[in-house]
Structure formats: C-alpha cells, structure tokens
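**Q** turn this into a structure:
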Amino acid sequence: MAQIDFTLDYDFLVGLFSESPQTAFGKHMEQILNQFIGAESEDKLKAKPHERNEERTDYRNGVRTRNLTHRIGKLELAVPRHRYEPFHSCILESYQRNESALIASMMEMVVQGVSTAKISKITEELCGQTFSKSTVSKLCKELDVVVHNFKNRPLVNAYPFVMLDAMYIKVREDHRVCSKALFVALGINEEGYKEIIGFDVYEAETEDGWKEFLQTLKKRGLKGTDLFISDNHKGLTKAIQKEFPAVSWQRCQVHFRRNILDKVPKKYQTVIGEALTEMFNAQDVETARAKRNELLSEYGSICASAMEILDEGFEDTMAVMALPKKYRKSLRTTNLLERENEELRRREKVIRIFPNQASAIRLMGAVLLDHHENWLGQNRIFSMKEYHERRSEILKNIPKLTQAA
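**A** Presented below is the predicted three-dimensional model:
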C-alpha cells in the first residue's frame, strides 16, 4: 500500500483536550483507523472518490458501520462497500482475532460465574461494555473455526528443523482446577522461514502425550525433518525415537548448561560456566570434545554429578556441530520457541485459570496464529541454500538419538 498521510480537523483536535485521556485517545484512534480503511479501499479500487481512470477495478457502494471493541473503548468504524467484490480490511481481520480471543476467554469466566464481579469490572474497563451469553457464544464460535482450521491444516511444506516444547497452564475442569500441558511445535521450512506447525493441550507432558502429538503432525503431512531440537524430557525423546527413528536430535544447550550448573558448587559455577560457553562456541566438534575432556579431568572429583551429566549428554548436545556455522546459533537451543512461550505466558497471566480446555486452545491458538502470519512477512531465519547443497554430507555426521534407548 502507498504511504498514508493522516489528517486531523482543528476543531476535533481542540475538542480532544476536553475529554478524558482514554476517551480522547479512543476518538483519535477511531479517526486514524477510518482513514486507514479508506486508504485500503482506495488502494483496492485503484481510484480516488469520483476519479475516472482505466485502472479502476470496482466502484464504491456506500459504507457500513462496524463497531470494534477495544481495550480503549468501543470504536465506530465506517467500512466501505464495493459494488462487485466485497471489501475486507486486513487491519480489522488481523486485530480482531487475537484481541477477541482474550476477551472471549475472560467473558466465558463471567458466564460461568468465576470471579464474576472482578472480571466483569476488568472487561468493562477494557472494552467499555458488558457481554451477554449469546454475544460470548457467537464470538467463541467464530474464533473456534479460525483456530481449528489453523491447528489442523495440512503441512504442505518440508520442515528440516523442528523445535518442540511444552508449558503448563491451569484449566477449570469438573469444578476443580487442573494443570495441563500445552505442546507447541515450531518448524523452519526449506526456505528458512519459521512457522507454527502444531499445538494442542494434553493432560501432562508424558511419552504417550508426545507420541500422540507427533503422530498428529505426521498425519497432517510433516515431512523432510532432519533434526528435532528440544530439552531432555525423557518422554519426549522416547517419543521422537519411536515416531521418527531416522531423525537426529539436538538437545537444547541452554537447558543442558542449566542441568550441569545446578549440580556444581556455587564457588565453581562461574568458571565452569565460562568453560561450557567456550565448548559450545568451539569451531568444530573435535575442539569441543577437547574442552569437555579438560573439564572432566579438572572437575571430575570436585563435582562428579555435574561432570557425569556433561559426559553423558555431550554428543546429543553437540549434534548441531555437524551443520555449517551459520545455522548453529539458531538451532543449538530452543530459544526461538522459548520466546514464543513468553508471549503465550503473557496472555495466559491475564486469564490465570482458563474456564475450560476449549478456551485455552482458542486463546493460545489465536496468539500463535497471529504470530505465525506475522512471521510470513518477515526476514527468514537464514538461507537454506548451503544446507540443501551439503545435506547428504551433513546427515552422515549428525549423531542419532542416544538417550532414549
């Protein structure tokens, strides 16, 4: 879209100073959004109002009023109508999904009588209005279709690298609060772009749960995977070995480092931490092994438990060393997925306890979908050209999963 210049009428601007800050900002935002939507319509039509030209694709046919409920209040927007092809504003569609999922979860809690007074007050402050059961039901139904389609879509791309992780959330079930595990899979496709390729809620992070999750990914078409990246959860690693026996595994170096240092006396943690950093940043696996051997020799008697973890987990943690150097930083940890989990946790903290499992999937799925779509327009993580050119050589040097046997 071309550059947009927003204009504010002088009397309108002066009038803002007589309003409360929230009301004033709401009116300001309403005017900006209306101008933006008008520019979207103009861009779609290839013509300004009353302009005649050969590039015009359609004609204006009035406007329809649409209320947009936002945490700064209810905004009244004038959405243009087009004569032949319906006009849809991209800014409205992308905004509503994430925000509506949050509001729907909170209002479900009101409908079910969970902390009614408190949550009603919060949602009224956020949205400027209360919600009926029918409104909440309609909102949930619309969101459920979008999230369900995203969650169960066929995986048509190949994903050479897949990160797996789980986070625990609280869900109300049978009149009690339960802790459930949200599984998330992030894939890096063959062009180097990251995507959310799977998510679901399970009773707990168990081997059976991970097997079911991986089986679902396979049924949806997961293919071309050469490396899984995750922490050392035994149920997860066993599930990977059973469902994808030919695929290698990279143990997250951040988790591995934490596992080691937890067993190290405090006075040695700094020096051993620095040595582990040198080992992880080694130019090649032989140099890394030499650094490991130094650590084992020097600290084997001082902190035997920590050195045992280092020795047993070294090969799985250094699988990434078989890759060209430019791929290692992004793939040696689950940081890409951990950052996504932080965003999920930020939204989850607003709810604290989901009214039901469907609500959890709806909100978490809406957040993941919005981020997934944003990633498609961003720069890729890295170019995959070198990987594809050297793939057969790389796969020979990546060690297979050893810990799940």
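**Q** my read is that residue 280 contacts residue 287, right?
**A** No. Shown here, residue 280 and residue 287 do not form a contact pair, counting by CB atoms under 8 Å, at 11.0 Å. Glycine gets a C-beta too; all of them are placed from N, C-alpha and C.
**Q** more neighbours: which of those two?
**A** residue 280 (21 against 14; other CB atoms under 10 Å).
**Q** now the residue nearest to that one when sequence neighbours are not counted: how far from residue 174?
**A** Of all residues beyond its chain neighbours, the one nearest residue 280 is residue 253 (5.4 Å), with distances taken as CB to CB, 6 or more residues apart in numbering. As judged by CB to CB, to the nearest Å, residue 253 and residue 174 stand 41 Å apart.
**Q** neighbour count: these two, which is higher?
**A** The neighbour count for residue 253 versus residue 174, taken as other CB under 10 Å, is higher for residue 253 (22 against 5).
**Q** was I right to think the more buried one contacts residue 333?
**A** Yes. The pair residue 253 / residue 333 is scored as a contact, 5.3 Å apart, by CB under 8 Å.
**Q** tell me the SS of the residue lying closest to residue 380 once chain neighbours are set aside?
**A** Once flanking residues are discounted, residue 380 sits nearest to residue 192: 3.8 Å by CB to CB, 6+ apart. Reducing the assignment at residue 192 to three states with DSSP: H, G, I helix; E, B strand; the rest coil gives coil.
**Q** got it, and residue 166?
**A** Using three-state DSSP as the criterion, the local structure at residue 166 reads strand.
**Q** next up, the contacts around it.
**A** 181-184, 205, 233, 236 (CB atoms under 8 Å, 6 or more residues apart in numbering).
**Q** tell me which of those residues fall in strands.
**A** With strands taken from DSSP state E, the overlap with these comprises 181-184.
**Q** re the thing from before, got the contacts of residue 166 as TSV, with pLDDT, neighbour count and distance to residue 353 columns?
**A** Formatted as TSV, the contacts of residue 166 follow (pLDDT from 0 to 100; neighbours: other CB atoms under 10 Å; distance: CB to CB, whole Å):
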residue	pLDDT	neighbour count	distance to residue 353
181	97	18	15
182	97	23	14
183	98	21	20
184	98	21	20
205	95	19	19
233	94	17	25
236	96	26	26
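**Q** of these, just say which sits nearest to residue 374.
**A** residue 184 (16.0 Å; CB to CB).
**Q** am I right that the closest one is in contact with residue 338?
**A** No. At 10.3 Å, residue 184 and residue 338 do not qualify as touching, with contact defined as CB under 8 Å.
**Q** how is this structure divided into domains?
**A** The record assigns the chain these domain ranges, following automatic domain parsing: 10-88, 161-397.
**Q** quickly compare the ones you listed and say which is most buried.
**A** domain 161-397 (a mean of 17; mean count of other CB atoms under 10 Å).
**Q** need the three-state assignment for the residue of the chain most remote from its centre.
**A** No residue in the chain has its C-alpha farther from the mean C-alpha position than residue 52, which lies at 45.1 Å (CA atoms, centre = their mean). Three-state call for residue 52 (three-state DSSP): coil.
**Q** how far away is it from residue 349?
**A** Using CB to CB, which is the criterion applied here, residue 52 is 55 Å from residue 349.
**Q** with residue 383 instead?
**A** As judged by CB to CB, residue 383 and residue 349 stand 37 Å apart.
**Q** now for residue 184 and residue 338: what residues contact both?
**A** Both residue 184 and residue 338 are contacted by residue 165, under the criterion CB under 8 Å, 6+ apart.
**Q** quick revisit: and the domains of the chain: which comes nearest residue 155?
**A** domain 161-397 (4.1 Å).
**Q** how about the domains of the chain in a markdown table, adding distance to residue 155?
**A** Below are the domains of the chain laid out as a markdown table (distance: least, CB to CB, whole Å):
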| stretch | distance to residue 155 |
| --- | --- |
| domain 10-88 | 26 |
| domain 161-397 | 4 |
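**Q** weakest of these by average pLDDT?
**A** Taking the average pLDDT of each of the domains of the chain, the minimum falls on domain 10-88, with a mean of 70.
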